[in-house]
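>>> What follows is a predicted structure for the sequence shown.
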Amino acid sequence: MDDYEKRKLGIFNQLNFLGLITGIILPIMGLVGNENLPALAWVVAFSPAMISILVLLCNYYQMHEFGTLCYFVMYPILTAMVYAASFEVGLELFFILYGVLSVFFLQRLTYIIFAFTLSLLCYFRVFVFPKDYSYFLAQTNFSFYVFNHVIAAAFIFYALFLIKKENTQYQFNILRNYRELHRINLEMQKQKAEIDEKARLLEQQTHKLTELNTLKNKLFSVISHDLKTPLYALRNLFRSVQQYDLPGEEIKLFIPDVVNDLNYTTGLMENLLLWAKSQMQINVIHPQLLEVSELIKEASDLLRLQAYSKQIYVNFKTENPIYIYADKDMISLVVRNLLSNAIKFTPPKGSIQIGALEKGPLVEIFVKDTGMGMKPEVINQLFRNNYFTTKGTADESGTGIGLMLCKDFLNKNGGNIHVSSEVGKGSIFSFTLPRNDGILMIEAS
């Protein structure tokens, strides 16, 4: 039995308790008012108490359906028996009460139809169709007759009031449960959104960790092989000079290869150190006002020997000072990497041009070479986190880390990098950064 049926049973027990009280009061009033009532009238007077006791006992022993059916069968039949014996005692309203209550308290439709039809037939029999009664309670005990009507009306009112109250409470409970379910649903949606957000962040972190693990493996491979090779070459050169007293002309033959290896090693070491620094301080940048020509001059000086070894002419010319607002260490690395790559992929006796242009709120810095150039599919591989690299014109090696660092550092400083190239005609690497106007503060996300 659910909670709603239990509350209905409580109302039904209240009505039976009132019926028990009525079954006690009616005989007392009959004795006080008129002791010569017919025997059948006394049966009617005692019947509410007897029927209510029977129903209450059935409910106590969990025989709810049987007790309810007894109530709606015995009350109409006993009341109708009084009228069948030609006694008019003023109980017509009770038939209406039984019919109304049967619809509310009985569960099965067949029982509802049976009980309602029984009460309706009894009502028509005793009140609608004319009949001569030999005994009229109104004539012998008018106060008792009035009391029967009053108690019937009171029962009808009280029963309907309890039904209305229960339905109102039931609707209120439904509304309260709905609101509670709505609140729980909102909380579940909020929790789902939080779980989805955490899942998204976890996926991002997993992707980031996968990338870092790939890079770690790449770095270990570089350190274990590429990094030690130039050092071994330099050691072997000095050992040969020490042991075999090589002449100067023969030593000069080894120097170009050693210089290339050392250029590669120094560039690699610088990229590795800056990459490690960027990973340890991923959200820390220090933007400041920078003059572009000074950055390019510093990078050219550092790479002068590398360009000289291939007889490459590096040209930079600007009439007016141009300023940018960015982190000096990061942008210096970008310029050095782009210039180093240009030297790497430019054939001997080629040329490289570095320029800076003001474009509204941005400054564009470009490195243009007369090198090998690239196919479109090669350009698409440059910034895809797969550390793409190729050999230079003098068979120089690379790791692919440099361009990835360039892209990362430029993004952190509010800039972007662009590439245009044509096979056999060279390449142009350019990037944009904010000007000093208004000094836009860039924060790492």
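Nice, thanks for sending it over.
>>> Val334 - how many residues pack around it?
By other C-beta atoms under 10 Å, 28 other residues sit near Val334. C-beta: built from backbone N, CA, C; applies to glycine.
>>> So, low pLDDT: which residues of the stretch 51-200 of the chain?
For the stretch 51-200 of the chain, the stretches with pLDDT under 70 are 130-131, 137.
>>> and what of the stretch 201-350 of the chain?
If you take pLDDT under 70 as the line, the stretch 201-350 of the chain has these spans: 215, 218-230, 246, 257, 260-261, 263-264, 267-268, 270-284, 318-319.
>>> hey, where'd the strands end up in it?
Assigned by DSSP state E, counting those that start in this stretch, the strands in the stretch 201-350 of the chain fall at 287-291, 313-316, 323-327.
>>> packing partners for the second one?
The helices and strands touching strand 313-316, judged by 3 or more C-beta pairs under 8 Å, 6 or more residues apart in numbering; DSSP states H and E, are helix 292-302, strand 351-359.
>>> Any idea which of these gets closest to Phe409?
Phe409 lies closest, by C-beta to C-beta, to one member of the helices and strands packed on strand 313-316: helix 292-302, at 12.9 Å.
>>> which other residues reach that closest one?
307, 314, 316, 318, 321-324, 328, 331-332, 335-336, 339, 354, 356, 363, 365 (C-beta atoms under 8 Å, 6 or more residues apart in numbering).
>>> rerun that using 10 Å as the cut-off
By C-beta atoms under 10 Å, 6 or more residues apart in numbering, the residues outside helix 292-302 that reach it are 266-267, 270, 291, 307, 314-318, 320-324, 326, 328, 331-340, 352, 354-358, 363, 365, 367, 433.
>>> List the buried residues for it?
292-293, 295-296, 299-300, 302 (16 or more other C-beta atoms under 10 Å).
>>> Next: stretch 366-377.
The neighbour-count check on stretch 366-377 (16+ other C-beta under 10 Å) flags 366-374 as buried.
>>> Could you dump the buried residues of helix 292-302 into JSON lines and include distance to Asp132?
Listed next are the buried residues of helix 292-302 as JSON lines, based on distance: C-beta to C-beta, whole Å:
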{"residue": "Val292", "distance to Asp132": "124"}
{"residue": "Ser293", "distance to Asp132": "129"}
{"residue": "Leu295", "distance to Asp132": "125"}
{"residue": "Ile296", "distance to Asp132": "128"}
{"residue": "Ala299", "distance to Asp132": "128"}
{"residue": "Ser300", "distance to Asp132": "133"}
{"residue": "Leu302", "distance to Asp132": "131"}
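>>> Leaving out sequence neighbours, find the closest residue to Met372.
Phe345 (5.2 Å; C-beta to C-beta, 6 or more residues apart in numbering).
>>> Number of residues surrounding that neighbour?
Neighbours of Phe345 under the rule other C-beta under 10 Å: 24.
>>> mind checking how far it is from Leu106?
95 Å (C-beta to C-beta, to the nearest Å).
>>> Ok, Leu57 next?
Noted for Leu57: a distance of 19 Å to Leu106, by C-beta to C-beta.
>>> And these two? Which one has more around it.
Of the pair Leu57 and Leu106, Leu106 is the one with more neighbours under other C-beta under 10 Å, namely 20 against 11.
>>> Is it correct that the more buried one is in contact with Phe116?
Yes. Applying C-beta atoms under 10 Å, one finds Leu106 in contact with Phe116, separated by 8.7 Å.
>>> which neighbours do the two share?
Both Leu106 and Phe116 are contacted by Phe72, under the criterion C-beta under 10 Å, 6+ apart.
>>> element containing the residue found closest to Pro27 once you drop the neighbours it is linked to in the chain?
Among residues not flanking Pro27 along the chain, Ala45 sits closest, at 4.7 Å (C-beta to C-beta, 6+ apart). Here Ala45, judged by DSSP states H and E, is contained in helix 39-60.
>>> Next: Phe409.
In the assignment (DSSP H and E), Phe409 maps to helix 401-412.
>>> and what of Gly19?
Going by DSSP H and E, Gly19 is part of helix 3-33.
>>> who does that helix touch, helix- and strand-wise?
The contact analysis (3 or more C-beta pairs under 10 Å, 6 or more residues apart in numbering; DSSP states H and E) places helix 3-33 against helix 39-60, helix 64-84, helix 92-105, helix 137-140, helix 142-221.
>>> Next, the contact list for Ile151, please.
Neighbour list for Ile151: 18, 22, 25-26, 48, 90-91, 93-94 [criterion: C-beta under 10 Å, 6+ apart].
>>> Report the separation between Phe254 and Ile343.
The gap separating Phe254 from Ile343 is 21 Å, by C-beta to C-beta.
>>> ok, and for stretch 324-338, which residues are buried?
Of all the residues in stretch 324-338, those buried under the rule 16+ other C-beta under 10 Å are 324-328, 330-338.
>>> For the helix or strand hosting Leu120, output the C-alpha coordinates as CSV.
Using DSSP H and E, Leu120 maps to helix 109-123. Taking Å, rounded to 0.1, in the frame of the first residue of the first chain, the C-alpha atoms of helix 109-123 are listed here in CSV:
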residue,chain,number,x,y,z
LEU,A,109,-14.0,-0.3,-11.0
THR,A,110,-16.4,-3.2,-10.7
TYR,A,111,-16.7,-2.6,-6.9
ILE,A,112,-17.3,1.1,-7.5
ILE,A,113,-20.0,0.5,-10.1
PHE,A,114,-21.7,-2.1,-7.9
ALA,A,115,-21.7,0.0,-4.7
PHE,A,116,-22.7,3.2,-6.4
THR,A,117,-25.6,1.4,-8.3
LEU,A,118,-26.7,-0.2,-5.0
SER,A,119,-26.9,3.1,-3.2
LEU,A,120,-28.6,4.7,-6.2
LEU,A,121,-31.3,2.0,-6.4
CYS,A,122,-31.9,2.2,-2.7
TYR,A,123,-32.3,5.9,-2.9
